[in-house]
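# I'd like to go over a predicted model; first the sequence, then the structure.
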Amino acid sequence: MMKNILLKTCLTALALSVAGLANAQAADMTPDQMLTYSVISGGAVNIAAQPDYVTSPNVGGHLAGQAAVTIGAFTTVNDIYAGAAVTTGASSRVKQIHAGAAAGVGANAYAHDVDAGAAVVVGANGQVGTITAGAAITLGAGVGHMVAEDYAGVVTRGAGSKMEYSGDYTTWKNAAGTATGKIKKADDMAVAMSNIDTMLARTGEVTPYNVNTNTDLSNSYIGTFGNATTVHYSAINLQANTDLEIRGNVTVITSEAMTIGAGANIELVDDATVTWILGGSLNLGAGSKFSGETYVKGAVNGATSDVTCGNLYAIGAVSLRTVGVSCYTPAPVSCTWPDIWYEPGSYISYGRTSNGECYPPQPQPPSDRF
């Protein structure tokens with residue numbers, strides 16, 4: 001009896017240790033890992049169909065959503081994580097798929113591996129790697145796959161489906177490289193959403209004392225003012241077919257929504273950078289072009305708009321046509337002089353300005369400290 005109690009105690013301790021290790025593995029996500037995601041959404045993610053397949057991706061990074069993730073035909077993306085179902089359109093290209101529910105790979109579509117909590121369906125002539133499914137697997141006609149004949153689960157195999165790949169799939173897989181997405185399970189997603197919540201807490205910095213009340217920024221600009229690199233608005237609106245220039249490296253915080261009219265454009269001037277922290281939704285008109293690392297306390301509505309460069313991290317659902325790679329980030333400036341330099345009879349200091357640039361030697365009064 002004592003042995004049984006001891007054994008149960010040891011097993012319980014081991015289980016707790018394993019659970020603790022799992023939680024620890026999901027307990028961090030660095031800024032660089034966040035930036036590998038084009039979209040992280042607390043709701044659903046929908047990327048519109050493209051007119052044709054192109055080798056350069058129309059989604060520059062990974063996608064992650066706490067609800068379903070759907071990409072249209074000819075869409076090219078890195079990894080996908082969804083808390084619910086994943087659906088990829090015909091002739092789409094995806095590296096790894098992690099779905100909390102079912103996964104559907106479109107006809108003539110490619111994927112590396114598929115890990116789904118429910119059924120997996122691969123359309124005719126699709127090509128996929130390893131499939132892990134919580135329910136039945138259905139392979140359409142002509143599908144190339146890695147599902148062995150002795151697979152323990154239920155498999156429906158269409159005519160001509162086989163454990164063999166086309167030359168085009170092999171070429172694509174070799175060129176696509178390995179997966180790098182950090183988000184593979186619900187715990188990972190929870191950490192990412194916590195990081196987003198932390199950034200969105202800054203919307204509370206908008207006060208009656210610092211807010212810009214002019215919300216129509218059509219054909220205007222946002223830039224640095226002296227040492228100030230953060231600006232505050234109640235809301236931001238752009239009229240149709242207008243531009244908003246970003247000059248310098250700025251953070252823009254709003255307490256409400258940002259709305260861009262049809263054909264409007266956010267332009268980053270001379271490698272400028274912008275971080276948007278929005279207290280409401282981001283509404284992108286048809287044919288508009290947006291840029292920047294963006295945190296949204298609401299949904300992103302832009303099914304017929306493009307993000308030229310940047311990342312969208314939203315509490316709500318996200319709908320877009322295309323998302324480019326992360327925007328340019330200037331490298332830290334390295335001063336070639338030491339911070340403090342002593343010359344006989346003088347005290348010369350070297351340092352940095354508030355934006356990180358080196359400034360030239362500054363003569364100081366003689367000092368007896370040496």
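It's in. Predicted model only: the values in this text are computed from it and were never measured.
# in the stretch 1-150 of the chain, which spans are helices?
Listed in chain order, the helices of the stretch 1-150 of the chain (DSSP state H, counting those that start in this stretch) span 2-25, 31-34.
# out of those helices, which gets the lowest mean score?
Lowest mean pLDDT within those: helix 2-25, at a mean of 39.
# just the element for residue 194, please.
Counting by DSSP states H and E, the element that carries residue 194 is helix 186-200.
# what about residue 246, how many residues nearby?
Using other C-beta atoms under 10 Å as the criterion, residue 246 is surrounded by 22 other residues. C-betas here are computed from N, CA, C, even on glycine.
# before we move on, which element is it in?
Here residue 246 sits within strand 243-254, counting by DSSP H and E.
# list the strands paired with that strand, with their directions.
Strands that pair with strand 243-254, judged by DSSP bridges, come out as strand 220-223 (parallel), strand 230-233 (parallel), strand 265-278 (parallel).
# the longest one: which residues count as buried?
Within strand 265-278, the residues that qualify as buried by neighbour count (16 or more other C-beta atoms under 10 Å) are 265, 266, 268, 272, 273, 274, 275, 276, 277, 278.
# ok, the residue nearest to the fourth one when sequence neighbours are not counted - contacts?
Distances taken as C-beta to C-beta, 6 or more residues apart in numbering place residue 246 nearest to residue 272, at 4.5 Å, with adjacent residues excluded. With C-beta atoms under 8 Å, 6 or more residues apart in numbering as the criterion, the residues that contact residue 246 are 221, 222, 223, 266, 267, 268, 269, 272, 273, 274, 291, 292.
# okay, these in TSV with pLDDT next?
Converted to TSV, the contacts of residue 246 look like this (pLDDT from 0 to 100):
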residue	pLDDT
221	96
222	96
223	93
266	97
267	97
268	96
269	95
272	94
273	95
274	97
291	97
292	97
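# partners of the residue nearest to residue 272 in the sheet?
Judged by DSSP bridges, the bridge partners of residue 246 are residue 222, residue 268.
# distance of it from residue 60?
Distance from residue 246 to residue 60, counting by C-beta to C-beta, to the nearest Å: 19 Å.
# residue 221 now?
From residue 221 over to residue 60 (counting by C-beta to C-beta), the distance is 26 Å.
# state the mean pLDDT of stretch 169-185.
89.
# quick one: buried residues of that stretch?
Across stretch 169-185, burial judged by 16+ other C-beta under 10 Å covers 169, 172, 173, 176, 179, 181, 182, 183, 184.
# okay if I get those as JSON lines plus secondary structure?
Converted to JSON lines, those look like this (DSSP: H, G, I helix; E, B strand; the rest coil):
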{"residue": "169", "secondary structure": "helix"}
{"residue": "172", "secondary structure": "helix"}
{"residue": "173", "secondary structure": "helix"}
{"residue": "176", "secondary structure": "helix"}
{"residue": "179", "secondary structure": "coil"}
{"residue": "181", "secondary structure": "coil"}
{"residue": "182", "secondary structure": "coil"}
{"residue": "183", "secondary structure": "coil"}
{"residue": "184", "secondary structure": "coil"}
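# mind listing what the nearest residue to residue 106 once chain neighbours are set aside touches?
Distances taken as C-beta to C-beta, 6+ apart put residue 90 closest to residue 106, at 4.1 Å, once the chain neighbours are dropped. Contacts for residue 90 were tallied using C-beta under 8 Å, 6+ apart; they are 73, 74, 106, 107, 108, 109, 123.
# I'd say residue 104 and residue 88 touch.
Yes - the pair residue 104 and residue 88 qualifies as a contact (C-beta atoms under 8 Å) at a distance of 6.9 Å.
# tell me which of these two has more neighbours.
Of the pair residue 104 and residue 88, residue 88 is the one with more neighbours under other C-beta under 10 Å, namely 29 against 22.
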